[in-house]
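Trainee: task: produce atomic coordinates for the following.
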Amino acid sequence: MKILLLTAGTRGDVEPFVALARSVGAKGHQVRLGVPDHSGVDMAGLDAVSLHMDFAQLISDQGVSPRNMATTFRRVIRPAVGRLLSAAVEHIISFAPDVVVYHPKVLSAPIAADRVGIPSAIAETVPSLTRTREFPAPYITSVNLGPLNRATYQAARLATLMFRRELEAALKILPAGPKRRAGTQVSMVPVSPQLLPRPRDWPTTVHLTGYWAGKPVTADADAELEDFIHSGNFVYAGFGSMKAGDARGRGEIIINAARRSGLKVLVTTGWGGLDISGTTSDDVLIRDSVAHDHVLPRATAAIHHGGAGTVHAVARAGIPSIVVPFIGDQPFWGNVLHRRGLAPEPIPYRKLTVDRLTDALGQTENCRDDAMRAGELIRKEDGAAAAAEVLENLAG
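Mentor: Residues are numbered from 1 along each chain as shown. Okay, here's the model as predicted:
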């Protein structure tokens, strides 16, 4: 079976697709993986091709502020999305897969697959498209609206209208000729049921597979890091791709709160969400990034932005989270972890203070047992294998 995987976004959007590519490839299937440029994810040994969109550069230039995005929508974002959508169609034509798996940002993938009669599966890395009464669409609000929850999912579909011209241009690449039999479409949600139990009103075409996690990464030799994580309690702090607001001020808040709590701090600066430049101290260690599966199990807690990938990495490690959400689905994940007893209440990044963070660090002790139990169960899941079985049934 030939499987085409198409993803777009930051590292947290790419890593699950890489894990799925390795899983289905290990079962003997031919896999091609379409990814954004400069994702920072190891794709060695995979047939990986570019989707001609650089999210790292986009965030570096624009940050994650909705205001900044709005001012550059026509000049920067529209052309970038147009390249992405066209590249996805080109790869569907050239690879001629038996099934296409796509990230929701790749708007052209399901339409192109349907027009050439190929089954497709959307990967809802955030459960934002399948309507349910149990919670509102994560990108819309974090407030439970009860009977109105299902209505919020309509707004999540507006991206197709926003990029209608780019979508139409991408689909013109498809070869002319009679339309083939429409392909089947299903949804896969790569989320652990330990974090989000399956809603009772989801249709049978939606598969909650568990998170698509890769094999543990062998950490590069780093004697300084090894000494740090084995010589006293520390808290991990990293905000991934979130470049917004006062990164320097956030760094100082985290260090001061950790010191009040008697903890060292391992800081990952990521794409600019934290700035600890000039800090030299035995209780602070700075890295651009680290292997989560190597470092997090040794941390006492993790302070992070609440992206889906980091949420699952911390939960797998069996330690409490402190979520400092910025945008999008991050408040949703912060509330999910809090409701499951795996984190204190989230602290929006604009409201982060030394006092608030110190208090949250103290509250993580009440989450420790639940976090350990959840981690044990999540580590037993194999979401990528479950997704591979869905694809085999879909294409079979």
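Trainee: wait, a helix at residue 161?
Mentor: Yes: counting by DSSP: H, G, I helix; E, B strand; the rest coil, residue 161 is part of a helix.
Trainee: that one and residue 168, how far apart?
Mentor: From residue 161 over to residue 168 the distance is 12 Å, taken as Cβ to Cβ, to the nearest Å. All C-beta spots, glycine's among them, are computed from the backbone N, C-alpha and C.
Trainee: these two: which has the busier surroundings?
Mentor: The neighbour count for residue 161 versus residue 168, taken as other Cβ atoms under 10 Å, is higher for residue 168 (12 against 8).
Trainee: can you dump the C-alpha coordinates of the helix or strand containing the more buried one into PDB?
Mentor: Assigned by DSSP states H and E, residue 168 falls within helix 164-171. Extracted in PDB, the C-alpha atoms of helix 164-171 (Å, rounded to 0.1, in the frame of the first residue of the first chain):
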ATOM      1  CA  ARG A 164     -10.800  30.100  -1.200                       C
ATOM      2  CA  ARG A 165      -8.800  31.600  -4.000                       C
ATOM      3  CA  GLU A 166      -5.600  29.800  -3.000                       C
ATOM      4  CA  LEU A 167      -7.600  26.500  -2.800                       C
ATOM      5  CA  GLU A 168      -9.100  27.000  -6.200                       C
ATOM      6  CA  ALA A 169      -5.700  27.700  -7.700                       C
ATOM      7  CA  ALA A 170      -4.200  24.600  -6.200                       C
ATOM      8  CA  LEU A 171      -7.000  22.400  -7.500                       C
END
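Trainee: residues in contact with that helix?
Mentor: Contact with helix 164-171 is made by 78, 81-82, 85-86, 88-89, 107-108, 111-112, 115, 160, as judged by Cβ atoms under 8 Å, 6 or more residues apart in numbering.
Trainee: try 10 Å
Mentor: 77-90, 106-109, 111-112, 115, 159-161, 163 (Cβ atoms under 10 Å, 6 or more residues apart in numbering).
Trainee: of the residues you listed, keep whichever come out buried.
Mentor: 77, 80-90, 106-109, 111-112, 115, 163 (16 or more other Cβ atoms under 10 Å).
Trainee: these two touch, right, residue 224 and residue 285?
Mentor: Yes: assessed by Cβ atoms under 10 Å, residue 224 is found in contact with residue 285 at 7.0 Å.
Trainee: give me the below-cutoff pLDDT ranges for the stretch 201-350 of the chain.
Mentor: The stretch 201-350 of the chain contains residues with pLDDT under 70 at 217-220, 278-279.
Trainee: hmm, back to that, any idea of the mean pLDDT in the helix holding residue 168?
Mentor: The predicted model assigns helix 164-171 a mean pLDDT of 94.
Trainee: right, and the helix or strand after that helix?
Mentor: Next in sequence after helix 164-171, counting helices and strands by DSSP H and E, comes strand 185-189.
Trainee: given that next one, what are its sheet partners and their directions?
Mentor: strand 120-123 (parallel), strand 206-208 (parallel) (DSSP bridges).
Trainee: could you identify which of the ones you listed is most buried?
Mentor: Among these, ranked by average contacts under mean count of other Cβ atoms under 10 Å, first place goes to strand 120-123 (a mean of 24).
Trainee: quick one: mean pLDDT for it?
Mentor: Strand 120-123 comes out at a mean pLDDT of 96.
Trainee: please state the offset of that strand from the chain centre?
Mentor: Averaging C-alpha coordinates over strand 120-123 and over its chain gives two centres that are 16 Å apart (Cα atoms, centre = their mean, to the nearest Å).
Trainee: could you pull out the helices for the stretch 51-200 of the chain?
Mentor: Assigned by DSSP state H, counting those that start in this stretch, the helices in the stretch 51-200 of the chain fall at 55-62, 66-71, 78-95, 108-115, 159-162, 164-171.
Trainee: could I get the ones you listed as JSON lines with distance to residue 384?
Mentor: Output for these, formatted as JSON lines (distance: least, Cβ to Cβ, whole Å):
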{"stretch": "helix 55-62", "distance to residue 384": "23"}
{"stretch": "helix 66-71", "distance to residue 384": "32"}
{"stretch": "helix 78-95", "distance to residue 384": "20"}
{"stretch": "helix 108-115", "distance to residue 384": "19"}
{"stretch": "helix 159-162", "distance to residue 384": "26"}
{"stretch": "helix 164-171", "distance to residue 384": "28"}
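Trainee: good, wrapping up.
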